[in-house]
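Q: How does the following fold in three dimensions:
(chains A and B, ligands or ions: 3)
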Amino acid sequence: MESLALHEAVKKFVEERISKYPTKRSLLVPTLLLAQEYHGGYISPELVKSIAKYLEVPEQEVHSTASFYSLLNKHKVGRHTIMACHNVSCYLRGGDSLIKKLEEKLGIKVGQTTPDGRFTLISVECIAACGGAPAMIIDKDYFENMTEEKLDEVLAKFT
Amino acid sequence: MAEKLKEVKVTTALCEIPVAHRIDVYEAHGGYLALKKAIKEMKPDEVIEEVKRSGLRGKGGAGFPAGLKWSFVPKDYVGPKYLACNADEGEPGTFKDRYLIEKNPHQVIEGCIIASYAVGISHCYIYTRGEFYLGKERMEEAIEDAYRKGYLGENILGSGYSLDMVVHTGAGSYECGEETALLTSLEGDRGHPKMKPPFPATHGAWGKPTVINNVETLATVPPIIKEGADWHTSLGTDKSPGIKIVSVSGHVERPGNYEVEYGVPTSSIINDLAGGVWKGRKLKCFIPGGSSTPALPAEKVDIPYDYESLASAGSMLGSGALIVFDETTDIVRVAEIITRFYALESCGKCTPCREGTRWMLQIYERILNGAGRMEDLDLLLDICGGVEFKSFCPFGDATVGIVRSTINLFRDEYEDYIKNHKVYEREFIPVRHGVNGRSG
Ligand SMILES: Cc1cc2nc3c(=O)[nH]c(=O)nc-3n(C[C@H](O)[C@H](O)[C@H](O)COP(=O)(O)O)c2cc1C
Ligand code: SF4
Ligand code: FES
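A: Numbering: from 1, shown residues only, chains lettered A, B, ... in the order given. Ligands and ions are numbered 1, 2, ... in the order given. Model (predicted):
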């Protein structure tokens, strides 16, 4: 398997920060999170290889670290990822119904991607928005105090 | 009628100004005066002494005295020392640190600089939860501005003291909020905790002396330096001096962050600040300090909100996340949700926690599917005994609080599920083994 050419933005991210750390490896977790944005939305074996080379960390250890973190996708995802909170404070204020509505609107189940590749829907643990429950994140944006009525408007922002 | 409880806004005072994250606005409200005072008028030891005298306790969960923690770092150590500001906020029910870094980032940064100056730290990492994209952006902009103003970098304010600061993001893991797991993650590994002792104060990040403090703890440092330790001890109780942000969520009219003196009645936080139990319903029970703290029954709602009182009632203040449940709550389902959280977030390093949480989750699923057995309740309690105090890190202990307290308080509701083969109608099935799931 070939490694791939790391995106310039990823290299710049590392170069700008490396002087603040005693080892290159320290930047592994934030670099993986950024890199998947520029390389197809998930941590592919090719990406693991390139990052391993770039940060001088053994490939298996990059894989080991990457497989631990829930924001690092193991497989291809849709253009937008909906992360709806299923934890306690959201549950108490209608979080489960919101997730059910999302499933209905998108015609998929939690864990699936719409056939047009637009959305991947997952349910996640508390996202520190319990004061605005039920809450969800789409890509990088929080949506709080969600209602069924607001869903169409919110989803329309993501094409 | 007693007077209504009022907030004492110390770290949240500026949060309602929409542009308080800008350095000019922060400075116009007295920002960075504490740093100037510390660096120009106080020796590092005097800063530690002042914070010790203030009685400031850590607000990330354990309530450990901050000044004392700082004093454990060896003064004569030659080489780099580190500060990790813990912005990994993942405890269900807690949403104060995200609020602070988004709305008032400079106060957090100023606190980090003062703490670093006091301990002789050369590098500060703001370990920020991966999901906090806006918070990270705000912190990065604020750090850049602080560099430009000479509050960070070489020779801060002409003092000869230098400090570097950078935001370091996580990528999705509750356990990385645990201080030694945070350090492992900072070093580029899976978020597994490290053995203590040695403690981070002597052997932390990359084996060097390291201080780890919560965002809110650090944001409280500038006001203490500015107003003095006596001001801080004049608030709260003798053993829990000062103020705390309480994140109130669940069945209340106005969920939100409310900053109050320690020791006020929990009922006043719920009723006076959060608008009371919603829809005119009755209180069933509450979790005082986040998902890791045992639930307390409605009868105890007048309990003073401080470390000692909550501990003597059989729970904990934790991270200050007060979750309110009304009389209609299905408490078995609540316990299942929290148990699932622990089962899926367990880092997997030690067997009691990794296996115990999964067994407990399986039993909860069985009960909610109408196939529970009466022995299951004792089995759950038995597993709690096998996990608590037998796990590698405090995560394990944290998993048993909700299970035990809800079985003790609401055994009849568990029995109703079991005896009547009641089935919980799920609205969706959470899938964590799909696109984002951990395989293990
Ligand atoms: C499983 C687990 C998760 C934790 N998560 C956090 C967290 O997200 N934020 C935090 O500040 N402390 C968290 N803590 C507590 C930290 O280990 C540590 O005590 C704290 O950051 C120290 O800062 P403080 O003394 O200022 O509170 C967690 C502890 C455990 C056991
Ligand atoms: S108790 Fe053990 S398995 Fe659980 S989080 Fe801590 S080290 Fe990991
Ligand atoms: S429980 Fe949903 S954001 Fe905290």
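Q: How far away from the center of its chain is the longest strand seen in chain B?
A: What stands out as the longest strand in chain B, according to DSSP state E, is strand B:243-250. On the basis of CA atoms, centre = their mean, to the nearest Å, strand B:243-250 sits 11 Å off its chain's mean C-alpha point.
Q: Which elements pack onto that strand?
A: Helices and strands touching strand B:243-250, by 3 or more CB pairs under 8 Å, 6 or more residues apart in numbering or on different chains; DSSP states H and E, are helix A:88-91, helix B:96-103, strand B:256-261, strand B:321-326. C-beta: built from backbone N, CA, C; applies to glycine.
Q: next SSE after the longest one?
A: Sequence-wise, the next helix or strand beyond helix B:96-103 is helix B:105-119, with elements assigned using DSSP states H and E.
Q: tell me the SS of the closest residue in space to residue B:376 that isn't next to it in sequence?
A: Closest residue to residue B:376 apart from its sequence neighbours, by CB to CB, 6 or more residues apart in numbering or on different chains: residue B:363 at 5.2 Å. Following DSSP: H, G, I helix; E, B strand; the rest coil, residue B:363 is assigned to helix.
Q: quick one, what contacts residue B:363?
A: B:372, B:376, B:379, B:380, B:383 (CB atoms under 8 Å, 6 or more residues apart in numbering or on different chains).
Q: contacting residues around whichever residue of chain A sits closest to ligand 1?
A: Here chain A gets closest to ligand 1 at one residue, residue A:128, 8.8 Å apart by CB to the nearest ligand atom. By CB under 8 Å, 6+ apart, the residues touching residue A:128 are B:89, B:90, B:94, B:95, B:97, B:98, B:129, B:131, B:132.
Q: For my notes, please list those in TSV and give pLDDT and distance to residue B:331 for each entry.
A: Output for the contacts of residue A:128, formatted as TSV (pLDDT from 0 to 100; distance: CB to CB, whole Å):
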residue	pLDDT	distance to residue B:331
B:89	98	25
B:90	97	23
B:94	98	20
B:95	98	22
B:97	98	28
B:98	98	27
B:129	98	28
B:131	98	28
B:132	98	31
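Q: among those, which ones are buried?
A: Buried members of these, scored by 16 or more other CB atoms under 10 Å in any protein chain shown, are B:89, B:90, B:94, B:95, B:97, B:98, B:129, B:131, B:132.
Q: Pick the one among the residues you listed closest to residue B:168.
A: residue B:129 (10.8 Å; CB to CB).
Q: Quick check: closest non-adjacent residue to that closest one.
A: Spatially, and ignoring its direct neighbours in sequence, residue B:129 is nearest to residue B:88 (4.9 Å; CB to CB, 6+ apart).
Q: tell me the SS of whichever residue of chain A sits closest to ligand 2?
A: The nearest approach of chain A to ligand 2 comes at residue A:68, 11.1 Å away (CB to the nearest ligand atom). Three-state call for residue A:68 (three-state DSSP): coil.
Q: Kindly report the residues of chain B close to ligand 2.
A: Contact residues, chain B versus ligand 2 (CB under 6 Å from any ligand atom): B:175, B:193, B:346-350, B:353-354, B:391-393, B:395-396.
Q: Can you flag the buried ones in those?
A: Judged by 16+ other CB under 10 Å, buried ones among the residues of chain B next to ligand 2: B:175, B:193, B:346-347, B:349-350, B:353-354, B:391-393, B:395-396.
Q: and of the residues you listed, the nearest to chain A?
A: Minimum distance to chain A across those is 7.7 Å, recorded for residue B:347 (CB to the nearest CB).
Q: pLDDT at that closest one, what is it?
A: Residue B:347 carries a pLDDT value of 97.
Q: how close does the residue nearest to it when sequence neighbours are not counted get to residue B:65?
A: Closest residue to residue B:347 apart from its sequence neighbours, by CB to CB, 6+ apart: residue B:175 at 4.3 Å. Note on residue B:175: its distance to residue B:65, by CB to CB, to the nearest Å, is 24 Å.
Q: on that earlier part again, most widely separated two among the buried ones among the residues of chain B next to ligand 2?
A: B:193 and B:354 (12.8 Å).
Q: Give me the common contacts of those two.
A: Shared contacts of residue B:193 and residue B:354, defined by CB under 8 Å, 6+ apart, comprise residue B:347.
Q: For chain A, which segments are assigned as strands?
A: With strands called from DSSP E, chain A shows them at A:80-85, A:119-124, A:136-138, A:141-143.
Q: Quick one: closest of the ones you listed to residue B:210.
A: Closest to residue B:210 of the strands of chain A is strand A:119-124 (CB to CB; 29.6 Å).
Q: ok, how many other residues are close to residue A:146?
A: Look at residue A:146: counted by other CB atoms under 10 Å in any protein chain shown, it has 24 neighbours.
Q: of the contacts of residue B:363, buried ones?
A: Neighbour counting over the contacts of residue B:363 (16+ other CB under 10 Å) leaves B:372, B:376, B:380, B:383 as the buried ones.
Q: Just the closest of these to ligand 1, please.
A: Nearest member of the buried ones among the contacts of residue B:363 to ligand 1, counting by CB to the nearest ligand atom, is residue B:383, at 18.4 Å.
Q: What count of nearby residues applies to the residue nearest to residue B:133 when sequence neighbours are not counted?
A: Closest residue in space to residue B:133, ignoring its immediate chain neighbours: residue A:140 at 3.8 Å, by CB to CB, 6+ apart. Residue A:140 has 13 neighbours, counted by other CB under 10 Å.
Q: next one: residue B:271
A: Neighbour count of residue B:271, defined by other CB under 10 Å: 18.
Q: How about residue B:308?
A: Counted with other CB under 10 Å, residue B:308 comes out at 16.
Q: Tell me who's in contact with it.
A: B:237, B:239, B:240 are the contacts of residue B:308 under CB under 8 Å, 6+ apart.
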